[in-house]
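1. Fold the following.
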Amino acid sequence: MGSFVLPAAAETPAFLAEIVGLLVGSAVIAYVAYRARLVPIVGFLLAGVVIGPAQLGLISDRELVDAAAEIGVILLLFTIGLEFSLERLARIRRIILVGGGLQVGLATAATTAILVALGVEWRAAVFTGLLVSLSSTAIVLKLLGDRSQINRRHGQVSLGVLLFQDLAIVLMVLIVPALGGEAGSPGEFLWALAKAALIVAGVILIARRLMPPLLEMVARTCSPEVFLLTVVAICFGTAYGTSLAGVSVSLGAFLAGLLVSESRFDQQALGEILPLQIIFSAMFFVSIGALLDVGFLIDHLPAVAGAVLAVLVVKAVTTGLAVRALGERTPVVLATALILAQVGEFSFVLERAGASVGLSPAGLGEDGAQGFIAATVLLMVATPWLSSLGSRTGHRLKVRQMPQPAAQGTEPEEGAGLAEDLDGHVIVCGYGRSARTLTAALQSCDVPLLVTTLSPDGAAEAQERGLTVLLGDATRTRTLLEAGLMRARIVIVPDDTPEMAARIAGVARGLNAEIKVVVRGRYTVDAAEPTAVGAWVVVEEAEADARLIGKLLTDYELPADKIDAMLLSLRAPGKPREVREAFRGRTVVDTDRLVEPRLDPGACPHVGDTRPVVPSAAGCEDCLREGTRWVHLRVCLTCGHVGCCDSSPRRHARAHFLDTGHPIIRTVEPGEDWAYCFVDDVTLPSAEEVPAPTPAGER
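-> The predicted model follows:
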């Protein structure tokens, strides 16, 4: 009988201790920071300071941490790009070119002048000016995103300036060797500019022509795994391609997000990639904090404090002047100047490039490099408070500068910032007969709301009832943003024409894809235009028919589920033909036609549970009810429920199975004829087809 030999213990991978130290240390310190009511970004920066190589030394492999941090930057900028579009980017092109160009030029010139006056050699002074001119794209956009301020005016201006800075890095990388005595030729500068222009042009071409059909093809696999891999491949592939051309990976990742945002799958992509972005973004902030040597900071505290104050003043003043040159108001100038008053992560890359050719911050050698790191980390830690200070001060100035109301104080001013204290509220657009009834009901239930109207008389009447009123046109972007659209829960258009309701819904959904828009219409035909832009329409005609038929069917003692299905179908926005026009290419179901199983009885044990069914609605029942969008539709072969597939944001077909246990659904997509069993995780071909291997797992 042979002896039993225990296998040798597996060797622990060298990188695992670093990863465990980083994650566990970050989680513990970030939790303590959260309990201390600190902004998460500050918690992660402090975690990096504590566990970094100069303090506890839990992480010492800089290459590993830097790689994780780089991934975090790429994913963060990709998600920001997803929330934009080429049209929205074109609207801020003046901010990018004029505002960004002035900010970088003024900050570089001011820093250079100050250092030369203090006796610093001019090449080192210019190099330091380039370092100071850059701001932290990752921190600023993370703060704006967390506070839902990316679409506010100072958020748009900040984004434009940051995009120019990312483009300017291309030239800065070429300028640094020249400052160090290794000058490049004029042709190299021109080629760098041409490459950047070609990259942007290529992105626009791909976004318009190739990306929508590519993502449509991938989404039709109904596999979240394939979709996620495709999105990640687009993100990192674009970032890598731009880096090969000499453009920063952050700009490449942002452009990749723009590519995907031009398709109708932008929200699905955002939902899939967001968990990855959160993890790696945290690693980025930890890695920045790990650069700080607390011992050096303590030994040179007066010098570092002076550097922090100098950078803060230079960045705030020069950014403020650049934004003022754009014609922006004082509140926007203040908010933008203070949120950009730090030094960016790509300044570290530029600093290392300068070190390789003998340049250092302020010409101070290693002490200059350490002082630069210390000042940068401290400014990054202070950025959340500086941002809040800028927003609060700007708001106070805005209120103080507003003209006083009329004698009775009954007419509200446009842009009064009345929604600043509202969150999760209802925006009621207009103040007609239905709006009066609706607002009274909401008011009696203590539901927070705000009314927008163009009628001074209506505004005065609403104010007399104690309602918050904003005098403005709800089809205007500025009015909806002033009404707190990014923090609101629902937008209601109770009294307007279908055309105006569709315009309001289109603007609202364009600014905030998650907002629910509810429109009230008189006739079924009124539902087409608002529905086409994502609004949920309540039709008087359909509601009257539904109540009448519901009463009749109840008296005949029909099953409750059949009555509910019939009523939901009646309340769907329009008949099948009208719905097809309204949904602009999205698949809809003909509610007058039976859906037959047509399945081989031996294909699956659950085929016996199926029967011919009448679709319960023209579209996904739950998406129609919630005012959200779907990608593909499926019909339950047990009860006729219509739901959306797993490529859709809400995955209502699967949710219906989890609620009811009904096992088999059938596709209603044009040109497709198959079913899927949730229980056995198998795709079932039609009985008329020759069975062939198909991917399991309908998604």
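
2. Tell me which helix or strand in the chain has the weakest average pLDDT.
-> Between all helices and strands in the chain, the lowest mean by mean pLDDT, DSSP states H and E belongs to helix 576-582, at a mean of 39.

3. And Q277, how far from A113?
-> To A113, Q277 is 40 Å away according to Cβ to Cβ, to the nearest Å. (Each C-beta comes from the backbone N, C-alpha and C, glycine too.)

4. So for those two, which sits in the more crowded spot?
-> It is Q277, of Q277 and A113, that has more neighbours when counted by other Cβ atoms under 10 Å, with 21 against 13.

5. Centre of the chain to stretch 671-687, how far?
-> With Cα atoms, centre = their mean, to the nearest Å as the basis, the distance from the averaged C-alpha position of stretch 671-687 to the chain average is 35 Å.

6. Name the secondary structure element that contains I373.
-> helix 365-401 (DSSP states H and E).

7. Give the next helix or strand downstream of that helix.
-> Following helix 365-401 toward the C-terminus (DSSP H and E): strand 426-429.

8. May I have that following strand exported as CSV, CA atoms only?
-> Provided in CSV are the C-alpha atoms of strand 426-429 (Å, rounded to 0.1, in the frame of the first residue of the first chain):
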residue,chain,number,x,y,z
VAL,A,426,-41.7,66.9,-8.4
ILE,A,427,-41.3,69.5,-11.1
VAL,A,428,-44.8,70.6,-12.4
CYS,A,429,-44.4,72.3,-15.8
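
9. for the very next helix or strand once past that strand, packing partners?
-> Downstream of strand 426-429, the first helix or strand assigned by DSSP H and E is helix 433-444. The helices and strands touching helix 433-444, judged by 3 or more Cβ pairs under 8 Å, 6 or more residues apart in numbering; DSSP states H and E, are strand 426-429, strand 449-453.

10. Packed most tightly, which of those would that be?
-> Looking across these with neighbours counted as mean count of other Cβ atoms under 10 Å, the highest average goes to strand 426-429: a mean of 26.

11. Can you tell me the strand partners of that one and which way each runs?
-> strand 449-453 (parallel), strand 490-493 (parallel) (DSSP bridges).

12. which residues sit against the last one?
-> For strand 490-493, contacts defined as Cβ atoms under 8 Å, 6 or more residues apart in numbering pick out 426-430, 435, 438, 474, 480, 485, 500-501, 504-505, 508, 515-520, 530, 535.

13. before we move on, back to that, quick one: distance of the helix holding I373 to the chain centre.
-> With Cα atoms, centre = their mean, you get 24 Å for helix 365-401.

14. quick one: average confidence on that helix?
-> What helix 365-401 shows for mean pLDDT is 79.

15. Could you shift the numbering so residue one becomes 11, and keep it that way?
-> I'll keep to 11 as the first residue from here, and by that count the last item is helix 375-411.

16. Show me what that helix packs onto, helices and strands only.
-> helix 50-61, helix 147-156, helix 163-189, helix 276-300, helix 304-309, helix 311-335, helix 340-349, helix 356-365.

17. Of all the ones you listed, which one is nearest L128?
-> helix 311-335 (10.2 Å; Cβ to Cβ).

18. I'd like the domain boundaries of the protein, if you could list them.
-> 80-292+308-372, 436-552, 553-695 (automatic domain parsing).

19. L55 is nearest to which of those domains?
-> Per Cβ to Cβ, nearest to L55 of the domains of the chain: domain 80-292+308-372, 8.9 Å.

20. Can you give me the end-to-end span of the closest one?
-> End-to-end span of domain 80-292+308-372 (Cα to Cα, to the nearest Å): 27 Å.

21. Off-centre distance for it?
-> That offset, for domain 80-292+308-372, works out to 17 Å (Cα atoms, centre = their mean).

22. Then stretch 618-630?
-> The answer for stretch 618-630 is 36 Å, by Cα atoms, centre = their mean.

23. on that earlier part again, in a markdown table, list the strands paired with strand 436-439 along with mean pLDDT.
-> Output for these, formatted as a markdown table (pLDDT from 0 to 100):
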| stretch | mean pLDDT |
| --- | --- |
| strand 459-463 | 88 |
| strand 500-503 | 89 |
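
24. Make a markdown table out of those and add distance to V624.
-> Below are the strands paired with strand 436-439 laid out as a markdown table (distance: least, Cβ to Cβ, whole Å):
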| stretch | distance to V624 |
| --- | --- |
| strand 459-463 | 39 |
| strand 500-503 | 31 |
